[in-house]
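>>> okay, predicted coordinates and the sequence, questions at the end:
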Amino acid sequence: MDIGLRVKDRSFLLTAALALMVLGLGLSFLTFQNLRRQRETVEEHMFLASQSILRGIEASLMRELRIHMPGGFMGGRGRMARPTVDLKPRLVEMFDELVAQSDVAFIAFYAQDSSLIIGVQADGRTIPLLPVSGWRALQDDGHWAAMYTGDKKDVFVSGIRARQGLANLCALDPSLKCPPQKGGFPILMVGLNPDRHLDNFNKFKRTALLQTGYVLVVAAFLWGLAVAYLRRRDQSHALHRLETFHSRLLDTMPDGLLTLNCDEVVLAANPAAKRLLGGENELVGSRWSDLPLTCSDGWSDSDVCSLGAGWVQCQAGGRSLEVMSAPIPAEDGAGGERLLLVRDRTELKALEEDLGEAKRLAAIGRLAAGLAHEIRNPLSALRGFAQFFQKKLKGRDPEEQYADTMVREADRLDKVITDLLFLSRPREPEKVLVEMTPLANDLRGLLRFDLEHAGVELDVDIRAQHVLADPDMLKQALINLVLNSLAAVGTADRPGHIGIASFDDENMVAVTVTDNGSGMTPEERAHALEPFFTSKKQGTGLGLAIVHRIARDHGGHVEIMTRIEGEDQGTEVRLLFPAADDDNEFNEGVES
C-alpha cells in the first residue's frame with residue numbers, strides 16, 4: 001500500500017529550501033557589502049593619515065622657506081640679492097626621520113614638471129612612477145591616492161598639490177637641481193605601509209567570512225534537521241494512515257478475518273468474524289475447536305497448521321459459510337500462524353436454491369403447458385361421461401358411488417393442472433393495502449363447511465391491520481394453508497385448533513396460520529416447499545409450493561416452525577411480506 005506525500009509537506013520543503021537559498025544569498029551579499037565598506041574605511045583612514053602627513057611636511061617646508069627668505073624675492077627696482085642655503089641635507093634628514101619613525105614607506109617632492117626633486121624611501125622600498133592620470137588629478141583636484149603593488153609589497157600612495165611658493169626652495173639651494181619654473185604647482189607624495197591596516201582588515205574579513213559560513217552551516221544543518229523531521233513525520237503519518245486504512249478496511253469488510261496460531265488460539269478477529277462465528281462471545285483468546293463451526297471433511301477438527309488452501313463449505317448458527325485458510329510467513333522464519341477468511345454464503349445459497357427451484361418450476365411449466373391441453377380435452381370428455389352416468393345411475397348402489405368418485409377425481413385432476421399452470425406461469429401481483437380482518441372473516445365464511453365437518457374452530461388474532469399484497473393471491477395462499485392445517489389436525493388424537501394471525505415483525509408484516517396437528521418430521525420440513533412433495537395420501541404436493549411462490553413474488557418468504565411431540569405439538573407457517581412505507585403510493589387505496 002503506497003501512501004503519498006501531502007501537498008502541504010512538499011510545499012513546506014520547497015519553502016524551506018527557497019528560504020535557505022535566500023538566506024545564503026542574503027548573507028553573502030551583506031558580507032560582501034560589509035567587507036567592501038570596511039575596505040573603503042581602511043583606505044579612507046590611510047588617505048586621511050597620508051593627507052595629515054603631507055600637510056605637516058608642507059608646513060615644515062613653508063617654515064624653512066620663511067626662515068631663509070624673510071623678505072621674499074623682489075624683482076625690478078630694489079631687488080635684493082638672492083641668498084643661497086644648503087637645504088637639501090636638512091630636507092633629506094627631515095624626510096628620513098619621518099620614514100624611520102612611522103609607517104611611511106617613502107616621501108617624494110616633485111617639481112611642477114613632475115620631475116623628482118627629493119625622494120626618500122625606507123629599506124626595500126622603491127618610489128613608484130607617478131602616472132599621468134595621477135598627475136592630472138593632483139593639478140586639477142589638489143589630491144590623489146592609489147594602492148600600488150611593487151616588489152611583492154603593497155604601498156598606499158597619496159599626494160597633494162603643494163603651495164606654489166614651495167617652488168622657491170629651488171632658488172635657495174641650487175643643489176636641488178630644479179627645472180625652470182613654467183607654471184603649475186609642486187607636488188608632495190607619500191607612500192604608507194598598509195600592512196598594519198590591511199592586517200586588521202584581513203582579520204575582520206576572516207571573522208566575517210567565518211561568521212557567515214557558520215551561520216550558513218547552522219542554517220543548512222537546521223534545514224537538514226527540518227527535512228529529516230518532516231520525512232520522519234511524513235513516514236509516521238503515512239504509517240498512521242496505513243494503519244487506519246487497514247483497520248477501517250478490516251472493520252468494514254463484509255467477510256470475517258481471523259488469525260490463529262498453531263495452538264488453535266484466535267489471535268485477532270474483525271467484527272464480521274465475530275458476527276458470523278462469535279455472536280455474543282468474544283472470539284479473541286478462544287480456541288479454534290470451540291467455535292460453533294461444522295465443516296465438510298472434518299476440516300473444523302483438523303490441526304490448524306495443517307489446514308490446506310482452498311474454500312471449504314461450513315455451517316455455523318444456521319448460516320452457510322465458506323472458509324479459506326492461508327499461512328502467514330513469520331518474521332523469524334519459525335512460521336505457524338494461519339489466516340482464515342470467512343465468507344457468508346447464506347443469501348447466495350438461498351439464491352442458488354431459488355434458481356434451482358425456478359429451473360424446476362420452468363421444467364414443470366414446460367411440461368404442464370405441453371400436457372394441459374392434451375389432458376384437459378379428454379378430461380372434460382371423461383367428466384361429461386361421468387356426470388352422464390351419475391345421472392343415469394342415480395339411486396343405484398354401488399354404481400352411483402362409482403360415478404360420483406369419477407367426477408371428484410376428474411375435478412381433482414383438473415385442479416392439479418390448474419396449480420401446475422400457476423406455478424409455471426405466475427402473474428405479477430397487483431399490490432394494494434389489504435385489510436386483514438375482513439379477509440379473515442371472508443376465509444371463515446368460505447371454509448365454514450370444511451371447518452364444521454372437521455369440528456375445528458378458527459381463531460383470528462389481527463394485530464397488523466394492513467398487508468401490502470395482491471388480495472386474491474393472499475387469499476389463495478391462506479386457503480391452501482388452512483386446508484393443510486385441516487388435514488393435519490384430522491390425524492391428531494385431540495380437538496383441532498387453527499389460528500390466523502398478523503403482526504409487525506421489524507420491517508416485515510407476518511401473516512401466520514397455526515394448528516395443533518401432528519406436526520412435520522425434519523425430513524418433511526426440509527422438503528415441504530418442493531413441488532409434488534406430500535405426506536398426505538390424497539395430496540398433490542402443490543399447495544405449499546404455491547404458497548411459497550406467492551410469498552416470493554411479493555418479495556417475501558415462508559418460514560415453517562413445527563413440533564411433533566409435547567404440548568406444543570403442531571405447525572406454524574409464517575408468511576412474511578415487506579411492510580409498506582408511510583408515504584407509499586399503495587396507501588392511497590385499501591382492499592377490504
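That came through, no problem. Numbers count the residues shown, from 1 in each chain.
>>> so which residues of the protein form helices?
7-68, 88-101, 132-141, 169-172, 195-252, 271-273, 346-392, 399-424, 436-446, 448-454, 471-489, 522-527, 543-553 (DSSP state H).
>>> nearest to Asp568, of the ones you listed?
For those, proximity to Asp568 was assessed by CB to CB; helix 471-489 is nearest, at 14.2 Å. (C-beta placed from N, C-alpha, C; glycine too.)
>>> returning to what we had before: with respect to Gln569, which of the helices of the chain lies nearest?
Short answer: helix 471-489, nearest of the helices of the chain by CB to CB, at 10.1 Å.
>>> for the closest one, buried residues please.
Of the residues in helix 471-489, 471, 473-482, 484-489 count as buried by neighbour count, 16 or more other CB atoms under 10 Å.
>>> do the same with stretch 141-154
Trp144, Ala145, Ala146, Tyr148.
>>> so how far does it reach from one end to the other?
Chord length of stretch 141-154, first to last residue, is 25 Å (CA to CA, to the nearest Å).
>>> pLDDT on that stretch, on average?
Confidence over stretch 141-154 (mean pLDDT, whole number) is 80.
>>> neighbouring contacts of it?
43, 46-47, 50-51, 124-126, 128, 134, 137-138, 155-161, 191, 194-195, 198 (CB atoms under 8 Å, 6 or more residues apart in numbering).
>>> now a PyMOL select for only the buried ones of those residues.
Filtering the contacts of stretch 141-154 down to the buried ones (16+ other CB under 10 Å) takes a single PyMOL command:
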select buried, resi 43+46+47+50+51+125+126+128+134+137+138+155+156+157+158+159+160+161+191+194+198
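>>> shaky segments in the stretch 51-200 of the chain?
70-84, 124, 150-152, 179-184 (pLDDT under 70).
>>> repeat the analysis, applying 90 as the threshold.
Residue ranges of the stretch 51-200 of the chain with pLDDT under 90: 51-156, 160-200.
>>> was I right about Ile187 contacting Arg161?
Yes: with contact defined as CB atoms under 8 Å, Ile187 reaches Arg161; the gap is 6.4 Å.
>>> shared neighbours, the two?
Leu138.
>>> which of the buried residues of stretch 141-154 lies closest to Glu357?
Ala146 (114.5 Å).
>>> partners of the closest one in the sheet?
Val157 (DSSP bridges).
>>> Ala108 too?
Beta-bridge partners for Ala108, by DSSP bridges, are Gly119, Met189.
>>> I'd like to know how far it sits from Ser52.
Distance of Ala108 to Ser52, computed by CB to CB, to the nearest Å: 17 Å.
>>> before we move on, what about Met520?
From Met520 to Ser52 the distance is 132 Å (CB to CB).
>>> ditto for Cys170
Where Ser52 is concerned, Cys170 sits at a distance of 26 Å (CB to CB).
>>> domain parsing for this protein?
For the chain, automatic domain parsing gives the domain ranges 9-199, 256-328+336-341, 350-424, 432-591.
>>> between those, which gets nearest to Ala238?
domain 9-199 (10.4 Å).
>>> check Val513 and give its pLDDT.
pLDDT, Val513: 93.
>>> that one: what's it in contact with?
Going by CB under 8 Å, 6+ apart, Val513 touches Leu478, Leu481, Val482, Ser485, Ile498, Gly499, Ile500, Glu572, Val573.
>>> residues near Gln567, how many?
Actually, residue 567 is Glu. It isn't Gln. Using other CB atoms under 10 Å, Glu567 is surrounded by 7 other residues.
>>> what about the residue nearest to Ala269 when sequence neighbours are not counted, how many neighbours?
Spatially, and ignoring its direct neighbours in sequence, Ala269 is nearest to Leu283 (4.1 Å; CB to CB, 6 or more residues apart in numbering). Leu283 is flanked by 21 other residues according to other CB under 10 Å.
>>> and the gap between Leu283 and Val157?
Note on Leu283: its distance to Val157, by CB to CB, is 98 Å.
>>> try Leu209
In terms of CB to CB, Leu209 sits 28 Å off from Val157.
>>> Gly499 too?
Taking CB to CB, one finds Gly499 at 131 Å from Val157.
>>> what of Phe533?
Taking CB to CB, one finds Phe533 at 129 Å from Val157.
>>> who's the nearest residue to Arg463 once chain neighbours are set aside bridged to?
In space, and not counting its chain neighbours, Arg463 is closest to Phe503: 4.3 Å by CB to CB, 6+ apart. Beta-bridge pairing for Phe503 (DSSP bridges): Ala510.
>>> quick check: pLDDT value at Phe503.
92.
>>> again with Asp297
65.
>>> thinking again about what came up before, and the residue nearest to Arg463, how close does it get to Trp135?
Taken as CB to CB, the span from Phe503 to Trp135 is 126 Å.
>>> comparing the two, which residue is more hemmed in?
Shown here are Phe503 and Trp135; by other CB under 10 Å, Trp135 has more neighbours (17 against 14).
>>> and the gap between that one and Trp144?
Using CB to CB, Trp135 is found at 8 Å from Trp144.
>>> picking that back up, the more surrounded of Met520 and Ser52?
Taking other CB under 10 Å, Met520 and Ser52 do not tie; Met520 has more neighbours (20 against 11).
>>> now do the contacts for that one.
Here Met520 is in contact with Ala528, Ser535, Ile560, Thr562, Ile564, Thr571 (CB under 8 Å, 6+ apart).
>>> and Asn484, by the same measure?
Gly543, Leu544, Val573.
>>> try Ser114
Ser114 neighbours (CB under 8 Å, 6+ apart): Leu130, Trp135, Ile187.
>>> can I get those residues in JSON lines including distance to Asp442?
JSON lines is the format used below for the contacts of Ser114 (distance: CB to CB, whole Å):
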{"residue": "Leu130", "distance to Asp442": "139"}
{"residue": "Trp135", "distance to Asp442": "139"}
{"residue": "Ile187", "distance to Asp442": "142"}
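>>> among the contacts of Met520, which one has the most neighbours?
That'd be Thr571 among these, by other CB under 10 Å, with 25 neighbours.
>>> please name the residues that touch Leu339.
Leu339 touches Leu257, Leu258, Thr259, Ser325, Ala326, Pro327, Ile328, counting by CB under 8 Å, 6+ apart.
>>> and the pLDDT at it?
pLDDT for Leu339: 82.
>>> what's the answer for Val432, then?
92.
>>> and for the one 3 residues further on?
For Glu435, the model assigns a pLDDT of 92.
>>> now Ile498: how far from Asp459?
Here Ile498 is placed at a distance of 7 Å from Asp459 (CB to CB).
>>> which of the two has more neighbours?
Using other CB under 10 Å as the criterion, Ile498 and Asp459 rank with Ile498 on top: 24 against 11.
>>> you'd agree that one is up against Glu457?
Yes: with contact defined as CB under 8 Å, Ile498 and Glu457 form a contacting pair (7.3 Å).
>>> one step back: what's the closest of the domains of the chain to Trp223?
The nearest among the domains of the chain, by CB to CB, is domain 9-199 at 4.8 Å.
>>> starting at the chain centroid, how far to the closest one?
For domain 9-199, the gap between its own C-alpha mean and the chain's C-alpha mean amounts to 77 Å (CA atoms, centre = their mean, to the nearest Å).
>>> ok so, going back, nearest to Ala579 among the contacts of Met520?
Nearest member of those to Ala579, counting by CB to CB, is Ile560, at 21.3 Å.
>>> who's the closest spatial neighbour of the closest one, skipping the chain neighbours?
Val573 (5.5 Å).
>>> also Lys415?
Thr540 (7.7 Å).
>>> show the pLDDT at the one you found.
The model's pLDDT for Thr540 equals 70.
>>> now do the contacts for it.
So Thr540 contacts Arg412, Lys415, Val416, Asp419, Phe532, Thr534 (CB under 8 Å, 6+ apart).
>>> surely the third one and Leu542 touch.
Just to be clear, that refers to Val416. Yes: Val416 lies in contact with Leu542 (CB under 8 Å); the separation is 6.9 Å.
>>> when those two are compared, which one has more neighbours?
Leu542 (22 against 16).
>>> quick one: that one and Phe532 touch, right?
Yes: taking contacts as CB under 8 Å, Leu542 lies within contact range of Phe532: 6.9 Å.
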